[in-house]
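In: sharing a model prediction with you, sequence too.
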Amino acid sequence: MSKEKTSFLDSSIYPVLFMLIVTVVFVGVLSILYRSTEKGIETNKKQTYQMQILSLFADTLAVTTNVNKEKLANITSLNDNYQRFISEKNLAKVTGIAVNPKFYVASAEKGKVLGFCFDVTGSGLWGTMHGLLAVTPDFKNIINFVIYDQMETPGLGARVEESWFKAQFAGKPLIVNNTISNYTLIPEEAQPTETQIKQITGATITSSSVLKIIQASAIELSNDFGLKTK
Amino acid sequence: MTKKDIFLTSALKENSVWRQILGICSSLAVTNLMMNSLIMGLGVTFSLIFSNLTISAIRNYTPRSVRMMVQTLIIGAYVIIVDIYLRATLPDVSKQLGPYVGLIITNCILMGRAEAFAAKNAPVDSMIDGLGAGLGYTLVLLTLASIRELFGFGSLFGIQILGSWWTKWSIMVMAPSAFFLLAAMIWLINNKYYKLKTG
Amino acid sequence: MHINPFILFWAAIFTSNVLLTNFLGMCSYLSVSREVESAFGLGIAVVFVLTLTCALNWLVYYFLLVPLGIIYLQYIIFIIVIAATVQLLELLIERFAPALYYTLGIFLPLITVNCAIFGVALFMIIRNYNFIQTIAYAAGSGFGWMMAILMLAGIRTKIKERFVPTGLQGAGISLIVTGIMALAFVGFSGIVNVQ
C-alpha cells in the first residue's frame, strides 16, 4: 500500500544517503574540473611572471642587444628570451622580509650584467602587495618597477598597476652617493621632480605603501649586498 | 504562468534587488566599474540558472530535513565552477573580483530563488526564473555601475567618455555612493510602481 | 604578516568595518534593524558565531584543506562548517539555556546566510592571518557589525515619527542612513594602516 511505498523515502537513512550521493557527485565534478584546469592556471601564472620580468628590462635589452622589442613581448618566444637573458639566483645574505631571497639577473650576450630584478613585498591598504624592482648593477638607479599583485580598491588603490604610475619609477635614483633616495608624494596633476612621485588621487595610503616598499627594499638590499649607506 | 510571465516577474516585477531587497552586498561592492558588474552579473545568472535547474530536478527526492544543506551544496558547487572558469580564462578580472565571487554563494538571491521557486516548480520553469532573476540583478548592477563609473572615472566599460576636463568624483568610486544611488533607484522605482498600483 | 591582534581588532571595527567598508551582511542588517532590542540580540549572536566559525574554519583550512590539496573546495567546506556550527549552537542553546533561546533563537538560522560570516572567513585566508590574528579580526568584525546594526536601529527608531517619503520608507531610507554612516567611517581610515 502507499505506506510501504513511501517508507524508504521517509526512513532516517535516506537523508544521509541522499546527502552523501549529492556530495560525492558534485565534489567529483568539481575535482575533475579543477584538475583539468590546474596545470593551465599554473603555467599561465608562471608565464605572466616571467613576462613581467622580461618587460622590465625591455628598453635596456633593446638598446644593448639586437633583440626586437616586439619580440620580447611575444609570448611564443618567451621561453627562448627568458633563457637567453635572465638567470635566477639566491641572495647570499638575507637581512629582512621585504626582498625575496630569489632574484633575477638580466644579462646580455657575453655575460654583461644589465641589472638585477628583485621580488619585493609590503603591506598595502587591504592586503600584501607584491612587486618587481629592477635596478642597475650598481644599485644607483631603478630601471623599472611594477606591482604585479595587489588587492587594493578597484578604481582607487588598484590603479598602481596603471602604466602612468609604473612609468614614474623608471630611471629614478635608488642609492646614490651612499644615500638611499627619499621619495615624497605629490598630487596627480602636479609635475614631479626627481624625488617626487605623483600619487593616485583618493588612494594616499596605497601610494605611500608603494613608496614604503621601495624604501624598505633599498635598505635591505644595501644590507644584503654590503653597500655602505648613511 | 507562461514562460514569458515567469521571466518578466523574476526580472522586473519581483526584481530581487529593488523589490525583494536581496543581493545588496555585491550590488554595492562591485558596481564601481561596469566590467566588474557585468562579469559578476553573468556569474550570478549562470549560478542561478543551473542551481535552480538542479534543485528543481531533485526536488521530489530531497528530504525536508536536509533541504537547506543540499541547496547550499549545489549553489556552492556552481559558484566554484564560475570561480575556476574565471581563474582559468580571465585571471585579471578574477583578481579584481576577489572574494566577491565566492560571496555569490551567500548572495541571498540564490537561496531566495531556490526556496521560493525552484523547490516547488518544474525544472525548465525554474531555469527561466533563475535566468530572469539573474538578468534583473545584472540590470540593477549595470545601472548603478554606469553612474558610478561615468562620474567617478569618466568612462564606461573602460572607454573614456568624458575627457580630462572632468574632475572625477571620488565619492563615486568609494563605498558610500553605492548606498545613495541604490536608495535613489529604489525610490524612483517605488514611485513608479505605486503610481501604477493606485493609478 | 605581523600585525598586532589588538590593532586588527580595532581596525575591524572602525577602519575596515565589515559592513560599512566591505558591504557584508547587508540583508539581515536591513531587515532586523527596526528595533534596538532585536538588533542587539542579532548582533551578539553574530559576534559569537563569527568568532567561533572563523576559528573553526581556520583550523579546517590549514589542517585539512591545505594538506589534502583541496583548497578549491573551501567555499563549500566553509559554508558547511558555518551551517553545522549554527545548527549545533541552536540545539545546545535550546537544550541548556531555553530562556536565551527564546530571545535569540529565531536569529540563529538567519545567521547562516549572513554573508558577513562567510566573507570574513574568506578574507582571513586571503590576508594570511595566523590563528590569534584571525580571532581578533573575527571578534572585531562581529563587534563592528553589531555596532553598525545598533546604530541603524537607533536611528530608525528616531525617524519612525518623522516624515519619510513613501517611496523611501523601509529599505530606501535605511540605505541612505547607512551611506551617511559609511561616509562618516571613511574619516577613520588612516588611523591605522592595516591589511
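Out: Perfect, thanks for sending it.
In: drop to CA atoms for contacts and neighbour counts, all remaining ones
Out: Fine.
In: residues from chain B in reach of chain C?
Out: Along chain B, the residues adjacent to chain C under the rule Cα under 8 Å from any Cα of the partner chain are B:21-26, B:28-29, B:69, B:72-73, B:76-77, B:80, B:99, B:102-103, B:106-108, B:175-180, B:182-184, B:186-191.
In: residue numbers of chain C in contact with chain B?
Out: Contacts of chain C with chain B, taken as Cα under 8 Å from any Cα, map to C:20-27, C:72-73, C:75-76, C:79-80, C:83, C:113-115, C:118-119, C:122-123, C:166-168, C:171-173, C:175-176, C:178-180, C:182-183.
In: return a ChimeraX selection command for the buried portion of the residues of chain B next to chain C.
Out: Entered in ChimeraX, the line below selects the buried ones among these, by 16 or more other Cα atoms under 10 Å in any protein chain shown:
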select /B:21,22,23,24,25,26,28,29,69,72,73,76,77,80,99,102,103,106,107,108,175,176,177,178,179,180,182,183,184,186,187,190,191
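In: let's check: the centremost residue of chain A is which one?
Out: Centroid-nearest residue in chain A: residue A:148, 3.1 Å away (criterion: Cα atoms, centre = their mean).
In: how much space between it and residue C:148?
Out: Between residue A:148 and residue C:148 the distance is 35 Å, computed by Cα to Cα, to the nearest Å.
In: for residue 193, the count of nearby residues, please.
Out: Here I'm looking at chain A. Neighbour count for residue A:193, taken as other Cα atoms under 10 Å in any protein chain shown: 11.
In: let's do chain B instead
Out: Residues lying near residue B:193 (other Cα under 10 Å) number 14.
In: next: residue A:132.
Out: Around residue A:132 there are 25 other residues, counting by other Cα under 10 Å.
In: give the rounded mean pLDDT of the helix or strand containing it.
Out: Residue A:132 belongs to strand A:128-135 when assigned by DSSP states H and E. Mean pLDDT, computed over strand A:128-135, is 89.
In: any bit of it sitting next to chain B?
Out: No: figure legend: strand A:128-135 not in contact with chain B (Cα under 8 Å from any Cα); closest approach 12.7 Å.
In: what packs against that strand?
Out: strand A:113-123, strand A:142-149 (3 or more Cα pairs under 8 Å, 6 or more residues apart in numbering or on different chains; DSSP states H and E).
In: if we go by neighbour counts, what in stretch A:218-228 is buried?
Out: Buried, per 16+ other Cα under 10 Å, within stretch A:218-228: A:218-224, A:227.
In: next one: stretch C:122-140
Out: Neighbour-count burial for stretch C:122-140, counted by 16+ other Cα under 10 Å, picks out C:122-125, C:129-131, C:133-140.
In: the strand holding residue A:132: partners in the sheet, and parallel or antiparallel?
Out: Take DSSP bridges as the rule and strand A:128-135 pairs in its sheet with strand A:113-123 (antiparallel), strand A:142-149 (antiparallel).
In: so the residue lying farthest from the centre of chain C, which state does it fall into?
Out: Centroid-distance maximum for chain C: residue C:163 at 30.8 Å, with Cα atoms, centre = their mean. When classified by DSSP: H, G, I helix; E, B strand; the rest coil, residue C:163 comes out as coil.
In: distance of it from residue C:169?
Out: Using Cα to Cα, residue C:163 is found at 9 Å from residue C:169.
In: what is the distance between stretch C:32-47 and the centre of its chain?
Out: Computed by Cα atoms, centre = their mean, to the nearest Å, the chain-centroid distance of stretch C:32-47 equals 11 Å.
In: and stretch A:190-202, by the same measure?
Out: The answer for stretch A:190-202 is 22 Å, by Cα atoms, centre = their mean.
In: now do the same end-to-end measure for it.
Out: By Cα to Cα, one end of stretch A:190-202 lies 15 Å from the other end.
In: what's in contact with that stretch?
Out: If you take Cα atoms under 8 Å, 6 or more residues apart in numbering or on different chains as the criterion, stretch A:190-202 is touched by A:156-157, A:159-160, A:165, A:168-169, A:172-173, A:181-189, A:207-208, B:170.
In: report the buried residues of that stretch.
Out: Within stretch A:190-202, the residues that count as buried by 16+ other Cα under 10 Å are A:196-202.
In: from those residues, which land in helices?
Out: Within the buried residues of stretch A:190-202, no residue falls in helices by DSSP state H.
In: next step: these restricted to strands.
Out: Secondary structure from DSSP state E places A:196-198 of those in strands.
In: in the chain, which spans are helices?
Out: Looking at chain A here, since you left the chain open. Using DSSP H, helices in chain A cover A:2-5, A:7-10, A:13-56, A:58-64, A:69-73, A:78-85, A:163-167, A:204-224.
In: you looked at the wrong chain, it should be chain C
Out: C:5-13, C:26-31, C:36-60, C:66-68, C:74-96, C:98-104, C:107-112, C:115-126, C:131-159, C:171-186.
In: which bits of chain A sit near chain C?
Out: Residues of chain A lying near chain C (Cα under 8 Å from any Cα): A:27, A:34, A:123-128, A:205.
In: ok so, going back, okay, the helices of chain A in CSV with mean pLDDT and distance to residue B:153 next?
Out: Listed next are the helices of chain A as CSV, based on pLDDT from 0 to 100; distance: least, Cα to Cα, whole Å:
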stretch, mean pLDDT, distance to residue B:153
helix A:2-5, 46, 64
helix A:7-10, 64, 58
helix A:13-56, 86, 27
helix A:58-64, 81, 30
helix A:69-73, 75, 29
helix A:78-85, 82, 35
helix A:163-167, 87, 15
helix A:204-224, 88, 17
